[in-house]
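Undergrad: build me a model from this:
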Amino acid sequence: MPLREYIINDIKPLNITDKVSDLKMMFNELTYSHIPIENNSVYLGCISETDVHCFDGKETIVDCTHSLEGFFVRSDTNWLDVLETFAQHSCNIMPVLDRQNTYLGYYELNDIIGRFNETPFFSEPGGTLIIEKGIQDYSFSEISQIVESNDAKILGAFISKMEDDVVQVTLKIGDSGLNDVIQTFRRYSYNVISGHEEDTYIENLKERSDYLDKYLNM
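TA: Numbering: from 1, shown residues only. Got it, this is the predicted structure:
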C-alpha cells in the first residue's frame with residue numbers, strides 16, 4: 001500500500017532561528033498537534049502545541065530545542081508502521097524523510113486512517129469475531145485452519161489484546177458459514193468474546209435460560 005501520494009508539503013518546517021511567537025501563531029491557524037522544526041534545511045524534530053504554550057513568545061525556537069521530539073517515517077515505510085508511529089507519539093502529523101534524510105513533507109493522520117478503511121478488513125462484507133485463548137495455546141495457523149475448514153475466508157486478523165497470559169484475536173470473516181466457524185472455535189476451546197447475529201449457540205442458551213426462568217417462576 002504505497003503512501004507517497006499522501007505526502008503533503010504545503011507547510012514548511014520552521015527554523016530554530018524563528019520566534020516562538022511565530023510557532024504559536026502557526027498552531028493557532030492549524031489543527032496539528034506538532035510542527036516540524038529544522039536547522040539550515042536539516043530536520044531536527046517536532047515540537048508539540050502543549051510544550052509551546054510553556055515558552056515565552058519573545059524567545060527563539062533554539063531556546064526550546066530540548067522539547068523537540070525526533071519522530072519521523074521514511075517515504076517507503078509500510079503503512080502499518082506509519083500508523084504505529086502515529087500512535088506511539090500521540091500526534092496527527094508525521095514528518096516524512098527520504099533515505100538521505102531530506103525532509104519531503106508530512107502525512108496527516110486522517111489520510112492514513114482513511115487508507116486503512118479501504119482495506120478488505122473494512123470494505124468487504126463479512127462478520128467480525130473476537131476470540132480468546134491462552135497465549136501459549138493459540139496459533140494463527142490453527143485459526144486459519146478452523147476458518148477455512150468451514151469453507152470461509154479470512155479477510156483480516158490481528159491481535160487486539162494481550163493480558164495475563166491470554167490473547168484476544170480480532171477476525172474479519174466472509175459471511176459464508178460464519179455460524180459453523182463460531183461453533184468450531186468453541187470446540188477448539190477458544191472463547192468467543194464477540195460473536196455475530198448468526199451465533200445460534202448464544203440464541204439457544206438464551207432460549208434455555210428463558211425457559212428455565214419461566215419454569216422456576218411457575
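
Undergrad: OK, contacts around the nearest residue to residue 165 once chain neighbours are set aside?
TA: Spatial nearest neighbour of residue 165, chain neighbours left out: residue 135 (5.0 Å); criterion: C-beta to C-beta, 6 or more residues apart in numbering. Just so you know, the C-beta spots here come from the backbone N, C-alpha and C atoms, and that holds for glycine as well. Residues near residue 135 by C-beta atoms under 8 Å, 6 or more residues apart in numbering: 162, 165-167.

Undergrad: who wins on neighbours among those?
TA: Greatest neighbour count in those, by other C-beta atoms under 10 Å, goes to residue 167: 18 neighbours.

Undergrad: distance of that residue from residue 84?
TA: 18 Å (C-beta to C-beta, to the nearest Å).

Undergrad: just want the most central residue of the chain.
TA: Nearest to the mean C-alpha position of the chain, by C-alpha atoms, centre = their mean, lies residue 83 at 5.5 Å.

Undergrad: tell me the secondary structure for that one?
TA: Assigned with DSSP: H, G, I helix; E, B strand; the rest coil, residue 83 falls in the helix class.

Undergrad: and stretch 93-104, end to end?
TA: 13 Å (C-alpha to C-alpha, to the nearest Å).

Undergrad: stretch 21-41 too?
TA: Taking C-alpha to C-alpha, the first and last residues of stretch 21-41 lie 20 Å apart.

Undergrad: just the buried residues of that stretch, please?
TA: 23-24, 26-27, 32-38 (16 or more other C-beta atoms under 10 Å).

Undergrad: which of the helices and strands in the protein ranks last by mean pLDDT?
TA: None of the helices or strands of the chain scores lower by mean pLDDT, DSSP states H and E than helix 200-216, at a mean of 49.

Undergrad: walk me through the domains of the chain.
TA: 4-116, 120-214 (automatic domain parsing).

Undergrad: surely residue 146 is within a strand?
TA: No - if the criterion is three-state DSSP, then residue 146 is helix and not within a strand.

Undergrad: can you count the residues close to it?
TA: Neighbours of residue 146 under the rule other C-beta under 10 Å: 21.

Undergrad: excluding chain neighbours, what is closest to it?
TA: residue 184 (5.0 Å).

Undergrad: go on, residue 92?
TA: Sequence neighbours aside, residue 109 is the residue nearest to residue 92 in space, at 4.1 Å (criterion: C-beta to C-beta, 6+ apart).

Undergrad: measure that neighbour to residue 77 for me?
TA: With C-beta to C-beta as the criterion, residue 109 and residue 77 are 14 Å apart.

Undergrad: next: residue 62.
TA: From residue 62 over to residue 77 (counting by C-beta to C-beta), the distance is 29 Å.

Undergrad: residue 97 now?
TA: 10 Å.

Undergrad: check residue 116 too.
TA: From residue 116 over to residue 77 (counting by C-beta to C-beta), the distance is 14 Å.
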